[in-house]
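K.L.:
my questions are about this predicted structure, shown below with the sequence.
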Amino acid sequence: MARRNLLWTFTPPLFVILLVAIVLVTGFAGRAMRIFFIDRSTEELQRQGKVLEAQFAPLVADGDYPGVQAACQDLGRISGSRLTVILPDGKVVGDSRSRPDQMENHADRPEIAAALKGETGSAIRYSPTLGHQRLYVAIPSFAADASAVEFVLRTSVPLTQLNEVTGRVNRRIALVGLALFLVAGGASLLLSRAFGQSLGRLQAGAQAFARGDLSRRLRISSTTEIAAVAEAMNAMAEQLGERIATTENQRNELEAVLTSMVEGVLAVDTDENVMNLNRAGCRLLGVNRDTALGRTIQEVGKNPMLTRLAQDALAGRGPLERDLHLGAERNVWVQVHASCVVGPGGKTIGALLVMNDITRLRRLENMRRDFVANVSHELKTPITSIKGFVETLIEDPPEEPAELERFLAIISKQADRLDSIISDLLALSRLEKESDNGGIEVHSLPLGSILERVLRDLFTRRPEAETRVALRCPAEARARINAPLVEQAVTNLLENALKYSPDGSPIALECSLAGADVVISVRDEGPGIAAEHLPRLFERFYRVDKARSRQMGGTGLGLAIVKHIAQVHHGRVEVQSRLGEGSTFSLHIPREVEA
Ligand code: ADP
C-alpha cells in the first residue's frame, strides 16, 4: 500500500471539511439574510399599500383613472416604490413607472390573483418592463360594504439592493473562509510536523530497542496519548532489559559452572550438532570451542563410538555409560555418561555427554597389571631354580660332596635373590604407605656424618670399595631428612656404581648446595647408559642389561626405591649419562622442607 506522510493524511480531509463548512455557512447565511430582507420589505410594502390605498379609493370609485395615474406617479416618487393600480378584471389603470394603456392585463400575476381573492399577495419576479428582479406586494381594496374587491394596489421595490448586500456578505464570508483556510492549513502543517516529530522520536526509540540498546529512554512528550505510548515503551524496554540481564546472568552462571567443571560436557541437538562444549570437553577432545560449536559430533569427536552414544541417547536409550579411547596419538581415555535432554513438554531437544578423564586411572591399572606380572616373573625364576635343584637333590642326590655343596650354594644364592626382591618390594610398599599416611619423620641433620656412615657400612660389606670411593661434603650441608631412608638411597646408588663400573675405577660421592636444595651425587666412570633407557630407568624392574643385572644380584628395584625416597622428601632424582662416559645420579632434597 502506498504510504503518505501525516501532512497528506490529515490536510486534504481538513480542507474538504472547511470548504463544505464555508459553502454551507455562506449558503445558509445568504438565504437567511434574503428571507429576512424579503420579509421586512414585504411588511414595509404592505404597510405602504395600506396607507396609500385610502388615497386611491375615491379616485377608483369615481372612475377617475387619469387621477389614479397622476396619484400613482406623485405617491410613487414620494415613497420610492413602484405603485400599480389594477381593477378586478386585471386592467391596469395607474402605474408610477409606465403608461397603463401600454401594460398588459395583470389578472394572471400571482400576487394580483391572490389579492383579487381578497388576500394579500406577494411575488418575486423578473420584471421585463424594468429589466430587473423585483418584490411585488398586492393588497385588495374593498368596497364600502366589503362585499367585493374594488381594486388592487400593488407596491413593488427592486431586489437589486438585496442582491448587492447578499453578494457583499458572501464575499466577506468567502474572504474569512480563505483566511480560515490558510490558518487551518498552517495549523495542520505545524500540528502534523509536531505530531510527526513526536512519532519520529518514538520510532527512533523503538528502532534503538530493536537494535538491543535497552538502556535508552524515550522523552516523555506533553501530549497525553504520545506520553502514554512513550511511557509504555520505556516500561517495556526496562522489563525486557531486566529479563535479558536475568537470562544473561543465568547463562553466565551456567557457563561458569560448565567451565569450572573437571568433567568434559558436550551437548548436541537433535541434528547431532554441537550446542555446547566446555573447556574440559575441548581439552579431552583436542578441539577448539569456537570451531566445534555448530559442527556435527562426527566432525568434533572423530570417534564412531562417541557418535553412537549420542545417537543412542537421542533415541531415548539412556542413560548410557561407556569407556572410550579418544585418539591413539593423544592416548586419552574417557568414561562417558550419555543421556537425552528433555525440554518443556517432554520433547527431546538434544543429548548430553559427560566425559570423565580416566587416562591416569587406566595408566595406573596398566602399571599395576604390569607390576604384578613383573613381580610374578621375577619371583618365578629363582623359585623354579630352587625347585629344580631341590628335586634333583631328592631324586638323584650327588655322591660327590663338592657337587652337593655346589647345588646347595646355588639354592642359597637363589634364596638370597628371593630375599632381596621381597625386601626391596617391602621397602617400596613401606615408602608408599608412609607417604600415603601423611609423610615420613624428618630432622635437620648434617649430611657429612650421614654420608660417612653410609661409606663405613659399605666398606664393611665391600672392603675393596674403600680405595675407589671418595667423599666430598661441605661441613655446613644440612637438610631436613629421614636418615635411614637417605642412607638407603645413597647406598643403592653407590652399590650400582660399584656393580656396573669396572673394578678399580673411581667413584665420587659429593654433596653440594644448589639454591634451596642439597644435592647428593654419585659419579662413576663406568660404561654409561644409552639415552633411550634414561626416561624409564627409575621404573620398577627396569634394567638396561637384564642378564648382567641378575648376574650382579640386582633386583631391578634399587633405582625405583631411590626415586620414592626422593619423593617422600619432596625432592627428585636425576641421571646424567652417556655411553662410555660414566654416569652421575643426583638426589635433590629441599633443605627446609616440612615433610
Ligand atoms: P638393579 O637391581 O638391576 O641394579 P636398579 O633399579 O638399581 O636395578 O637399576 C636399574 C638398571 O639401571 C640396572 O639394571 C642397570 O642396567 C642400570 N644402572 C643403574 N646404575 C647404573 C650405573 N651406575 N651405570 C650403568 N648402569 C646403571
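P.N.:
Structure's in. What do you need? Please read all numbers here as calculations on a predicted model, not as lab measurements.
K.L.:
quick check: what element follows the helix or strand hosting R171 along the chain?
P.N.:
Using DSSP states H and E, R171 sits in helix 160-211. Counting by DSSP H and E, the element after helix 160-211 in chain order, helix or strand, is helix 224-260.
K.L.:
that next one packs against which elements?
P.N.:
helix 160-211 (3 or more Cβ pairs under 8 Å, 6 or more residues apart in numbering; DSSP states H and E). C-beta coordinates here come from the backbone N, C-alpha and C atoms, glycine included.
K.L.:
quick one: the helix it packs on to chain centroid distance?
P.N.:
47 Å (Cα atoms, centre = their mean, to the nearest Å).
K.L.:
over to stretch 296-308?
P.N.:
Worked out by Cα atoms, centre = their mean, stretch 296-308 lies 29 Å from the chain centre.
K.L.:
now do stretch 483-497
P.N.:
The answer for stretch 483-497 is 65 Å, by Cα atoms, centre = their mean.
K.L.:
tell me how far the residue of the stretch 251-400 of the chain found nearest the ligand lies from E432.
P.N.:
Residue of the stretch 251-400 of the chain nearest the ligand, by Cβ to the nearest ligand atom: E378 (10.4 Å). E378 sits 18 Å away from E432, going by Cβ to Cβ, to the nearest Å.
K.L.:
next: Q161.
P.N.:
From Q161 to E432 the distance is 136 Å (Cβ to Cβ).
K.L.:
the more surrounded of E378 and E432?
P.N.:
Legend: neighbour count by other Cβ atoms under 10 Å for E378 and E432, higher for E378 (22 against 13).
K.L.:
and the pLDDT at that one?
P.N.:
At E378, the pLDDT value in this model is 89.
K.L.:
so it sits against L418, correct?
P.N.:
No: E378 is beyond contact range of L418, at 9.1 Å (criterion: Cβ atoms under 8 Å).
K.L.:
low-confidence ranges in the chain?
P.N.:
Confidence mapping of the chain against pLDDT under 70 gives the ranges 1-2, 328, 593-595.
K.L.:
how does it look with 50?
P.N.:
Judged by pLDDT under 50, the chain has its weakly predicted residues at 593-595.
K.L.:
what residues does it have near the ligand?
P.N.:
By Cβ under 6 Å from any ligand atom, the residues of the chain that approach the ligand are 496-497, 500, 524, 526-527, 529, 537, 542-545, 549, 554-560, 583.
K.L.:
in strands, which of the residues you listed fall?
P.N.:
D524, S583 (DSSP state E).
K.L.:
if we can go back for a sec, wait, is the residue of the stretch 251-400 of the chain closest to the ligand part of a helix?
P.N.:
Yes: according to DSSP: H, G, I helix; E, B strand; the rest coil, E378 belongs to a helix.
K.L.:
measure it to H337 for me?
P.N.:
Between E378 and H337 the computed distance is 40 Å (Cβ to Cβ).
K.L.:
same question for T160.
P.N.:
In terms of Cβ to Cβ, T160 sits 111 Å off from H337.
K.L.:
more crowded one of the two?
P.N.:
H337 (17 against 12).
K.L.:
residue contacts, A115?
P.N.:
G121, A138, I139, P140, V149, V152, R154 (Cβ atoms under 8 Å, 6 or more residues apart in numbering).
K.L.:
show me what residue of the stretch 101-250 of the chain gets nearest to the ligand.
P.N.:
Closest point on the stretch 101-250 of the chain to the ligand, by Cβ to the nearest ligand atom, is Q250, at 57.1 Å.
K.L.:
count of residues packed around that residue?
P.N.:
For Q250, using other Cβ under 10 Å, the count is 10.
K.L.:
pull out the buried positions in stretch 65-83.
P.N.:
Y65, G67, V68, Q69, A71, C72, L75, G76, S79, S81, R82, L83 (16 or more other Cβ atoms under 10 Å).
K.L.:
the second one and A61 touch, don't they?
P.N.:
This means G67. No: counting by Cβ under 8 Å, A61 is not a contact partner of G67; they are 11.0 Å apart.
K.L.:
which ones among the residues of the chain next to the ligand lie within helices?
P.N.:
Residues of those located in helices (DSSP state H): N496, A497, Y500, S549, G558, L559, A560.
K.L.:
quick check, nearest of the residues you listed to V93?
P.N.:
When those are ranked by distance to V93 (Cβ to Cβ), A560 comes first, at 165.0 Å.
K.L.:
before we move on, what SS does the closest residue to that closest one other than its chain neighbours have?
P.N.:
If the residues on either side of it in the chain are set aside, A560 comes closest to R540, at 4.5 Å by Cβ to Cβ, 6 or more residues apart in numbering. Judged by three-state DSSP, the three-state class of R540 is coil.
K.L.:
test my guess that D108 contacts G90.
P.N.:
Yes: proximity of D108 to G90 meets the contact threshold set by Cβ under 8 Å, at 7.2 Å.
K.L.:
these two: who's more crowded?
P.N.:
G90 (16 against 9).
K.L.:
which helices and strands does the helix or strand A32 falls within pack with?
P.N.:
A32 is part of helix 6-62 when elements are defined by DSSP H and E. Judged by 3+ Cβ pairs under 8 Å, 6+ apart, helix 6-62 is in contact with helix 65-79, strand 82-86, strand 121-127, strand 132-142, strand 149-158, helix 160-211.
K.L.:
so for V372, which of these sits nearest?
P.N.:
helix 160-211 (67.9 Å).
K.L.:
what helices and strands are in contact with that closest one?
P.N.:
For helix 160-211, the elements it packs on are helix 6-62, strand 132-142, helix 224-260, judged by 3+ Cβ pairs under 8 Å, 6+ apart.
K.L.:
buried deepest among the ones you listed, which one?
P.N.:
strand 132-142 (a mean of 20; mean count of other Cβ atoms under 10 Å).
K.L.:
quick one: distance of that strand to the chain centre.
P.N.:
94 Å.
K.L.:
ok, the residue nearest to A560 - how many residues close by?
P.N.:
21.
K.L.:
what are the phi and psi values at it?
P.N.:
Taking degrees, to the nearest 10, you get phi -60, psi 140 for the backbone angles of R540.
K.L.:
and the strands in the stretch 301-450 of the chain?
P.N.:
320-326, 332-342, 348-357, 443-446 (DSSP state E, counting those that start in this stretch).
K.L.:
can I get these in a markdown table including distance to G571?
P.N.:
Shown next, in a markdown table, are the strands of the stretch 301-450 of the chain (distance: least, Cβ to Cβ, whole Å):
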| stretch | distance to G571 |
| --- | --- |
| strand 320-326 | 35 |
| strand 332-342 | 30 |
| strand 348-357 | 28 |
| strand 443-446 | 15 |
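K.L.:
ok, which of those comes nearest P304?
P.N.:
strand 320-326 (9.9 Å).
K.L.:
surely G580 meets P527?
P.N.:
Yes: with contact defined as Cβ under 8 Å, G580 reaches P527; the gap is 6.6 Å.
K.L.:
show me which of those two is the more surrounded one.
P.N.:
More neighbours surround P527 than the other of G580 and P527, with 18 against 10 (other Cβ under 10 Å).
K.L.:
that one touches Y500, doesn't it?
P.N.:
Yes: P527 lies in contact with Y500 (Cβ under 8 Å); the separation is 6.7 Å.
K.L.:
before we move on, the earlier item: nearest to the ligand, of the buried residues of stretch 65-83?
P.N.:
Of the buried residues of stretch 65-83, the one sitting nearest to the ligand (Cβ to the nearest ligand atom) turns out to be S81, at 155.7 Å.
K.L.:
now that closest one, nearest residue through space, not along the chain?
P.N.:
T155 (4.7 Å).
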